[in-house]
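Peer 1: When you get a sec, could you give me coordinates for this:
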Amino acid sequence: MFVDRIRIMARAGKGGRGCVSFLRELHRPNGGPDGGDGGKGGSVILEVDHHLNNLGHIGYIPHQYAKNGENGASKQMSGKNAKDLVLKVPPGTLVSRLETPPDSPEPEFDEFGSPLPPASQKLLPLPEVGAELEVVADMVEPGQRIVLCQGGDGGRGNRHFKSSINQAPRRYEEGWPGEHGQFLLELKSIADVGLVGYPNAGKSTLLSRLSKAQPKVGAYPFTTLEPMVGTIEYPDFKKVTVADIPGLIEGANEGRGLGHEFLRHVERCSVLLFVIDMAGSEGRDPKDDYALLRKELKLYRAELATRPSLILANKMDLPGAEEQLAVFKKRVRRKVISVSGQSGEGIEALKLLLRQAVEERQAPDHKE
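Peer 2: Alright, predicted model coming up:
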């Protein structure tokens, strides 16, 4: 199951307690205080892993607790630092902070330092899409790391409190608690090209022609229920990634259909490819399709309406497509690329045009 929006409760480990101890050895019956320091609690860390494409592996375990540091021991031995809890996330993960409920109690741990089942922990409901939240990090680059919750420092043992007037201190410090909080993780797909079109416009078939991706293809609306990213490979080893994203319908900017679930994944695409069913096989007018697609993008985020884009006339192998294309060109007055995803006609030319558009967008002197 594809999961691209989750919330988690993360808590770093508490530092270990300092030790109260006095050295007692042969010939040193009054060796003085030798209590060691507590170990540091484990931190909760997020790390980008390019092998992942969704957040399902974390979403089913919403409580993520790092272990506590070990307590200090005698003979000035410090407690062992707890291991950091590293959570892998896919590229394109946006991390936001949620408000922690005031009645969220401290977690309990077993004798081995593992968290007990958090039956009393309350998770906040998922906020509405588009809600204003405090952004913690935008995880984009493979290998990128952030410390979500910092582990607590260990407490000092009694050897630190020895003085000229207190030769046998029994004072020590408890370990410091680790940071905690609730966070929203949202995946926004990263691709060079985003396929924008109505359901049944032929986007999935087109992606399978352009790359080796195997999206589900069917003659009914919303065949694609999750983003699918394919890679176009060129003879000189250049690669361009293309995202097939769930189809758009009128009112998507208000959440209709798959609404925001679709539009969120368009935001990071360098180039948009409007895929138009030029044969009108679903009973729609291609001119109206194009106008409504641009309208929905603009209403969702004005910047998307100015993003570099290409227009693709698909299903040119069907009856009536050529006549519709002639009328369409007069209306939009832009270059229109003609292909047939079903037969493969025009696919090679499309690959070259997509590469050119992406390279222009990524050029150092490109202006937004």
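
Peer 1: average model confidence for stretch 64-77?
Peer 2: Stretch 64-77 carries an average pLDDT of 93.

Peer 1: Over to stretch 187-200?
Peer 2: In this model, stretch 187-200 carries a mean pLDDT of 83.

Peer 1: Could you pull out the strands in the chain for me?
Peer 2: For the chain, applying DSSP state E gives strands covering 5-11, 44-48, 63-65, 85-89, 93-98, 134-139, 145-149, 180-187, 193-196, 228-233, 239-244, 271-277, 309-314, 336-338.

Peer 1: okay, the ones you listed in TSV with mean neighbour count and distance to E128 next?
Peer 2: Quick note: C-beta positions are derived from backbone N, CA and C, even for glycine. Listed next are the strands of the chain as TSV, based on neighbours: other C-beta atoms under 10 Å; distance: least, C-beta to C-beta, whole Å:
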stretch	mean neighbour count	distance to E128
strand 5-11	22	11
strand 44-48	21	23
strand 63-65	19	23
strand 85-89	19	22
strand 93-98	20	12
strand 134-139	16	16
strand 145-149	18	23
strand 180-187	21	11
strand 193-196	28	23
strand 228-233	20	26
strand 239-244	22	24
strand 271-277	25	25
strand 309-314	23	29
strand 336-338	17	37
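
Peer 1: Work out which residue lies at the spatial centre of the protein.
Peer 2: T93 (1.9 Å; C-alpha atoms, centre = their mean).

Peer 1: Give me the spatial nearest neighbour of that one, chain neighbours excluded.
Peer 2: M139 (4.3 Å; C-beta to C-beta, 6 or more residues apart in numbering).

Peer 1: Please report how far that neighbour lies from F183.
Peer 2: Taking C-beta to C-beta, to the nearest Å as the measure, M139 falls 12 Å from F183.

Peer 1: Please enumerate the shared neighbours of the two.
Peer 2: V95 (C-beta atoms under 8 Å, 6 or more residues apart in numbering).

Peer 1: wait, K188 sits on R264?
Peer 2: Yes. Counting by C-beta atoms under 8 Å, R264 is a contact partner of K188 at 5.4 Å.

Peer 1: Of these two, which one has the most company?
Peer 2: More crowded of K188 and R264, by other C-beta atoms under 10 Å: R264, with 23 against 19.

Peer 1: Redo the strands of the chain as JSON lines? Include distance to L325.
Peer 2: Converted to JSON lines, these look like this (distance: least, C-beta to C-beta, whole Å):
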{"stretch": "strand 5-11", "distance to L325": "39"}
{"stretch": "strand 44-48", "distance to L325": "43"}
{"stretch": "strand 63-65", "distance to L325": "53"}
{"stretch": "strand 85-89", "distance to L325": "43"}
{"stretch": "strand 93-98", "distance to L325": "39"}
{"stretch": "strand 134-139", "distance to L325": "40"}
{"stretch": "strand 145-149", "distance to L325": "49"}
{"stretch": "strand 180-187", "distance to L325": "36"}
{"stretch": "strand 193-196", "distance to L325": "19"}
{"stretch": "strand 228-233", "distance to L325": "24"}
{"stretch": "strand 239-244", "distance to L325": "23"}
{"stretch": "strand 271-277", "distance to L325": "9"}
{"stretch": "strand 309-314", "distance to L325": "5"}
{"stretch": "strand 336-338", "distance to L325": "7"}
